[in-house]
Every structure is written in structure tokens, then in C-alpha cells.
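Chemist: missing the sequence, but the structure's below:
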């Protein structure tokens, strides 16, 4: 199997659990790559991003996220190719400057993340401008929780936390 990760796909590895976080399962320290996606989770956050894989479906690789992040930091790469060997026990990580690293492919089962998505009918879709959301989030403390309130799809979305409150107008609404 072969996968191509651009810089945004490499960033997905940041969503994986850290080895120092005792609240999560060790398997969540990995990313799963395959079936046209890279997926990482830490028990509280899950990110899935589409990528190019060959073959497009049918096989996956489970690799420690730290390996991908360390290669990215050390090489300062914007593009990585990850290719498994014939028995799917190791993978060669290569960047655009031909730096290489041989990584172990773990022989474990990644949790079925698809069960996280509700099976009930959605009430509405609300789309928020990423730039506005990032701008708003910078005003909140980097701890605790942010409450998100959605009244109706055509009304502002409220963000609130200890001492800070804000609203963002949806930029696109589909019901």
C-alpha cells in the first residue's frame, strides 16, 4: 500500500493521543492510513482527512503518530509518501527531499470510529467560516470548556466560556 500525505494530512497526526496522556488507550497514539484517508483520535477528538492511497480501498496501515510528527519536524517536509512492504510489517516514509525513515506498522485493530457518528436524522447544518472561528477561539482561555449553542440554522451560533462570550453568523446553511 502507498499513501501520499500533504502538509494538512500530516497535521492530522497532531490529533492522536500523546504517550503521556494516561486517559486514553495506547492504540490512540497511532494514525490509521488507508481507504483514502488518514484518521487520528485521542479519545476526545477525532479527525479524518481524505488522502490519495493506492490501492484506494482494501488495506490500511497503523503507524505511531509520533513517528510521522518527528519526521515532519526534522525534515520540515511539505509532502510525505508512506509505502508498506509486501508483508505489511513496516513502511518506508519518504519526503520530497528523499529523506527516508523505516517505521513499524503495528499489527493491532484501530477502534471503529464510524460508530461515533449519530444514526438519527440531523436537524440542520450550520457552516461557520474557519477564519472567523479561529479568530473567535483566540479570545478564549486555553483551558476549560467552550459551550456552543445553536438555536436555528439562520441565527448566530453562540460560543461561551468562563468570562468570554461570542457569536458567529453562519455563512452557509442547509436544512
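Modeler: Yep, that arrived. All values reported here derive from a predicted model rather than from experimental measurement.
Chemist: Mean confidence (pLDDT) on the longest helix seen in the chain, please.
Modeler: Across the chain, the longest stretch assigned as helix under DSSP state H is helix 65-75. On average, the pLDDT along helix 65-75 is 95.
Chemist: what residues does that helix touch?
Modeler: For helix 65-75, contacts defined as C-beta atoms under 8 Å, 6 or more residues apart in numbering pick out 5, 10, 13-14, 16, 19, 29-31, 40, 77, 80, 82, 93, 95, 97, 99, 101, 103. For every residue, glycine as well, the C-beta is placed using N, CA and C.
Chemist: likewise stretch 158-175?
Modeler: Here stretch 158-175 makes contact (C-beta under 8 Å, 6+ apart) with 124-129, 132-133, 136-137, 139-141, 144-150, 153-154, 156-157.
Chemist: State the distance from the residue nearest in space to the middle of the chain to residue 141.
Modeler: By C-alpha atoms, centre = their mean, the mean C-alpha position of the chain lies nearest to residue 47, the distance being 2.8 Å. Distance from residue 47 to residue 141, counting by C-beta to C-beta, to the nearest Å: 23 Å.
Chemist: hang on, the earlier thing: which positions within the longest helix of the chain qualify as buried?
Modeler: 65, 67-69, 71-72, 75 (16 or more other C-beta atoms under 10 Å).
Chemist: List just the nearest of the residues you listed to residue 115.
Modeler: Residue 115 has its nearest neighbour among the buried residues of helix 65-75 in residue 65, at 21.3 Å by C-beta to C-beta.
Chemist: how much space between that closest one and residue 121?
Modeler: 34 Å.
Chemist: Likewise for residue 88?
Modeler: Distance of residue 88 to residue 121, given as C-beta to C-beta: 39 Å.
Chemist: Between the two, tell me which one has more neighbours.
Modeler: Shown here are residue 88 and residue 121; by other C-beta atoms under 10 Å, residue 88 has more neighbours (14 against 5).
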